[in-house]
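Colleague: The following block contains a protein sequence and its predicted model.
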Amino acid sequence: MKKQILKKDLVNKVSKKVEVSEVTQKLSVRWSDLDKAEKMSVVCRLFCDGLKLSQIAKKISQDYRTDFKRESTYPIIADAVKKEWIRYIPPPASMLEIKLKEMYDWLKIQVIHTSQSKDVAYHGAKMLIEMLKDFKQQNRKEVHLGFAGGHAMRKLTQLFASMLNQSDGMIPKKLVLHAIVAGFDVYEPTTDPNTFFTLFQTANPAGIEFSFVGLHTPPVVFGSQYKKLRMAEGIKESYDEAKKIDIIITSATNWSDKDSTFRKYMEKSKDCFDLLESSNCIGDMLWQPIGPREPIDLKTKIRAMTLWELSQIPDLIKKGKRVVLFLAACSKCGQPKSEVLRAILNQENRLITDLVADSRSVRGILHR
């Protein structure tokens, strides 16, 4: 019996020596041997493992034989966040997805457990990547994507451009990007989808070929000018090319949201504003008004320039086009978009095929 105990103790001591030896071997590198990105990886890994900043400093000092101060962690983590090497990825709101799917079984749904627009943008960009993978499996070499405008759409497009760099061989080699609305806010031109194209003009590690179809028109025109402008040289081409678009990506806004760009422009004409109010306008999609059960097809004095009327979208869906609605709370006031989401989902003719939405907007539909 004593021999067995002694033998066991001996084995344990040998094991511990091996473990100590392995640890020593792993940490033989000095802190000064690491470059900037390698140091960042150490700090960020320890941070993501749940260590406090003082604990991170202590561990680095011990493991890498250096005098690492707690204050030194701040700029490293801040730099990682700026480079988006650290990103908060919220989970899906599974129960909300299930309940919404029970109500709208025809819809492809992702509900994100968040109140932040950028979180929804991340999952929206991922959805686009997955769609492109499906096209790749169908041996499609070229896919056309149409982007609406606005703050939320720009966030999604930025993340989508970043993800494309990591999609080597997984998606079609050529992407054609279309602007499907004209720039709407002269004071914030980066919300114009024509400006999104600059996000794709740097070197692409995945070797994807990009081409672009802009929409160079005034954002808002008199209704009487609309058809004539559509046929003008330099604009007609954009409408002709729209037939090739495979995926339409858009957002929507509540009419009750005073930060709505669509509402602000309609307020410029009292007649238009009053007409939409009296017609029970719930919100807008593709910068066109939506009622509780159908698009509002009124001959307003002014209107937005868009590639399609909302009334044309159901036919596009029947032809196999995908229409992705990316919906997050207002980036300025935080108001959820339950009102316009309910209206879009309850349209007599379907306006979307896919939905990525925040939990607050979806909860507002389910718990009214």
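Modeller: Nice, thanks for sending it over.

Colleague: Can you list the low-confidence ranges for the stretch 251-368 of the chain?
Modeller: In the predicted model of the stretch 251-368 of the chain, residues 368 satisfy pLDDT under 70.

Colleague: Same question for the stretch 1-150 of the chain.
Modeller: 1-27.

Colleague: where do the helices sit along it?
Modeller: All helices of the stretch 1-150 of the chain, identified by DSSP state H, counting those that start in this stretch, fall at 2-26, 36-48, 53-63, 73-82, 94-103, 117-137.

Colleague: Can you show me the strands along this structure?
Modeller: Secondary structure of the chain (DSSP state E): strands at 108-112, 142-147, 174-179, 209-213, 220-222, 247-250, 252-254, 283-285, 288-290, 302-304, 322-327, 354-358.

Colleague: okay, those strands in JSON lines with distance to D192 and mean neighbour count next?
Modeller: C-beta here means a position set from N, CA and C on the backbone, and glycine is covered the same way. Converted to JSON lines, the strands of the chain look like this (distance: least, C-beta to C-beta, whole Å; neighbours: other C-beta atoms under 10 Å):
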{"stretch": "strand 108-112", "distance to D192": "26", "mean neighbour count": "20"}
{"stretch": "strand 142-147", "distance to D192": "10", "mean neighbour count": "21"}
{"stretch": "strand 174-179", "distance to D192": "8", "mean neighbour count": "20"}
{"stretch": "strand 209-213", "distance to D192": "13", "mean neighbour count": "15"}
{"stretch": "strand 220-222", "distance to D192": "13", "mean neighbour count": "16"}
{"stretch": "strand 247-250", "distance to D192": "14", "mean neighbour count": "25"}
{"stretch": "strand 252-254", "distance to D192": "16", "mean neighbour count": "26"}
{"stretch": "strand 283-285", "distance to D192": "16", "mean neighbour count": "25"}
{"stretch": "strand 288-290", "distance to D192": "17", "mean neighbour count": "23"}
{"stretch": "strand 302-304", "distance to D192": "12", "mean neighbour count": "21"}
{"stretch": "strand 322-327", "distance to D192": "17", "mean neighbour count": "24"}
{"stretch": "strand 354-358", "distance to D192": "22", "mean neighbour count": "25"}
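
Colleague: Dump these to TSV, plus distance to L128.
Modeller: As requested, these are exported to TSV (distance: least, C-beta to C-beta, whole Å):
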stretch	distance to L128
strand 108-112	12
strand 142-147	7
strand 174-179	10
strand 209-213	14
strand 220-222	28
strand 247-250	7
strand 252-254	17
strand 283-285	18
strand 288-290	23
strand 302-304	24
strand 322-327	7
strand 354-358	10
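
Colleague: now for those strands, which one comes closest to Y187?
Modeller: The minimum distance between Y187 and the strands of the chain falls on strand 220-222, with 13.8 Å, by C-beta to C-beta.
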